[in-house]
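Visitor: Give me a model of this one.
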Amino acid sequence: MVVAGIVAVCVVLLVLAFLVPRLSRHPERGTQRTLGAGSQAAGKAPGPLGRWLSKPFHSSSRAVSRSGSTGRKARGRMPF
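Guide: Residues are numbered from 1 along each chain as shown. This next block holds a predicted model:
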C-alpha cells in the first residue's frame, strides 16, 4: 500500500513538473520534508535496525526527487 502511494506521488510530481515546472518545486519539497522526517524518526532505532528502517524513506525520497527533475528536464527539451 505504501509503495503504491509513493508511486502515485512520483507520477503526480512528474506530470506537475512537466506542465508547470516552477510550481512543482513546492510539492516536491513538502514530500521530501515528510519523507525526511520519517527517515529521521526511523533512524533513531538502535544499531543496524535504524539503518534498515530508514532505508525505505531514503530511497522513496530519491525517487520523488528523480521524478520531479525528470519532468522538468523533459519540459526543457520540448521544442515549444
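Visitor: Quick check: which element contains residue 64?
Guide: Residue 64 is part of helix 48-77 when elements are defined by DSSP states H and E.
Visitor: Quick check: mean pLDDT of that helix?
Guide: Throughout helix 48-77, pLDDT has a mean value of 94.
Visitor: Could you list the buried residues of it?
Guide: 53-54, 56-58, 60-61, 63-65, 67-68, 71-72 (16 or more other Cβ atoms under 10 Å). (Glycine included, C-beta is placed from N, CA and C.)
Visitor: Among those, which one sits closest to residue 27?
Guide: Taking Cβ to Cβ as the measure, residue 27 sits nearest to residue 68 out of the buried residues of helix 48-77, at 8.4 Å.
Visitor: Distance of the residue nearest in space to the middle of the chain relative to residue 5?
Guide: The chain has residue 64 as the residue nearest its centroid, 2.0 Å off, counting by Cα atoms, centre = their mean. From residue 64 across to residue 5, the span is 11 Å (Cβ to Cβ, to the nearest Å).
Visitor: Now do the strand or helix carrying residue 3 against helix 48-77, angle only.
Guide: Assigning secondary structure by DSSP H and E places residue 3 in helix 2-19. Computed with axes from the mean of the first three to the mean of the last three Cα atoms, to 10 degrees, the direction of helix 2-19 lies at 30 degrees from that of helix 48-77.
Visitor: how about helix 2-19: buried residues?
Guide: Result for helix 2-19 [16+ other Cβ under 10 Å]: buried residues 6, 9-10, 13-14, 16-18.
Visitor: Now find how far off-centre stretch 19-26 is within its chain.
Guide: Offset of stretch 19-26 from its chain centre (Cα atoms, centre = their mean, to the nearest Å): 14 Å.
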